[in-house]
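1. here is a sequence together with a model predicted from it:
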Amino acid sequence: MPGALTTISILDNNGNAKTMRVWDESGIGDGPFQFVKLAAKSDGVTIDPATSTKQPALGIAGTPAADVLTVQGAASMTALKVDGSAVTQPVSGTFWQATQPVSAAALPLPTGSATAAKQPAIGTAGTASADVLTVQGIASMTPLNVSESISNIAVNQVSVATSATLIVAARAGRKSVMIMNEGATDVRIGGSGVTTGTGVLLYGQKGSGLVLDGGAAIYGIVASGSQSVSYLEAY
């Protein structure tokens with residue numbers, strides 16, 4: 001026969017009569033009786049009695065209980081405190097030394113940072129550097145000091161004829177050359193293909209002259225006869 005809930009009368013420690021809801025296993029009031037806790041099921045109507053057979057046994061402090069209740073987490077629940085300070089906790093994984101090696105090549109740099117790859121090499125005084133930095137001028141800037149050093153000077157005189165005549169041979173590193181007319185005949189100055197109709201006029205007056213920069217070969221020609229010219233070459 002199935003059991004049933006029933007009410008029994010008992011006396012408390014002071015002799016006062018009390019009633020208690022119990023579970024009558026006989027179903028007819030004969031017992032045996034089990035103290036119960038009543039809980040409504042999810043339908044809000046059905047009563048689910050929790051008998052003593054459903055209650056976990058009380059354990060002893062510091063000793064694991066034979067009956068185990070699992071813990072089920074829930075969203076936004078109050079965190080469970082887990083304290084493992086009383087025992088040594090096992091840790092798994094890869095361990096590293098206290099001081100970690102760091103590769104600078106792997107570190108991100110701020111935008112616009114100048115890396116070693118962007119730095120020109122330091123050269124040797126008096127020797128041209130393999131890395132070149134250009135100079136950009138601006139309005140009202142402090143002028144850059146630019147001076148040319150001249151190590152050598154060469155002078156000579158040449159008689160210029162009616163065909164292109166070499167006055168000064170080409171020279172790498174030449175700074176400038178000054179050509180002076182030694183007489184009264186016009187001389188035309190130019191390259192190896194100079195003619196009396198294409199060359200630059202060196203006026204036919206003793207002491208007239210012109211200055212040319214660079215290291216190119218310089219030729220001269222006269223319309224008739226010949227004319228002596230002199231030059232001063234700086235390099």
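-> Received it, and whenever you're ready, just let me know what you need. It should be emphasised that the depicted structure is a prediction, and the values quoted were computed from it without experimental measurement.
2. can you give me the distance of the residue positioned nearest the centre of the chain to residue 133?
-> Nearest residue to the geometric centre of the chain (Cα atoms, centre = their mean): residue 109, 3.3 Å. Going from residue 109 to residue 133 by Cβ to Cβ, to the nearest Å gives 21 Å. Quick note: C-beta positions are derived from backbone N, CA and C, even for glycine.
3. try residue 225
-> 55 Å.
4. out of the two, which sits in the busier spot?
-> residue 225 (10 against 6; other Cβ atoms under 10 Å).
5. number of residues surrounding the nearest residue to that one once chain neighbours are set aside?
-> Counting by Cβ to Cβ, 6 or more residues apart in numbering, residue 225 lies nearest to residue 185, which is 6.5 Å off, once chain neighbours are set aside. If you count neighbours by other Cβ under 10 Å, residue 185 ends up with 19.
6. using the three-state scheme, assign residue 26.
-> Assigned by DSSP: H, G, I helix; E, B strand; the rest coil, the conformation of residue 26 is coil.
7. okay, now it: neighbour count?
-> Residues contacting residue 26 under the criterion other Cβ under 10 Å number 14.
8. strands of the chain, start to end?
-> 4-11, 17-24, 33-35, 37-40, 47-50, 153-160, 165-168, 176-181, 187-190, 200-202, 209-213, 218-221, 227-234 (DSSP state E).
9. quick one: closest of those to residue 78.
-> strand 37-40 (22.0 Å; Cβ to Cβ).
10. what is the mean pLDDT for that closest one?
-> Average pLDDT, strand 37-40: 54.
11. same question for stretch 14-22.
-> 78.
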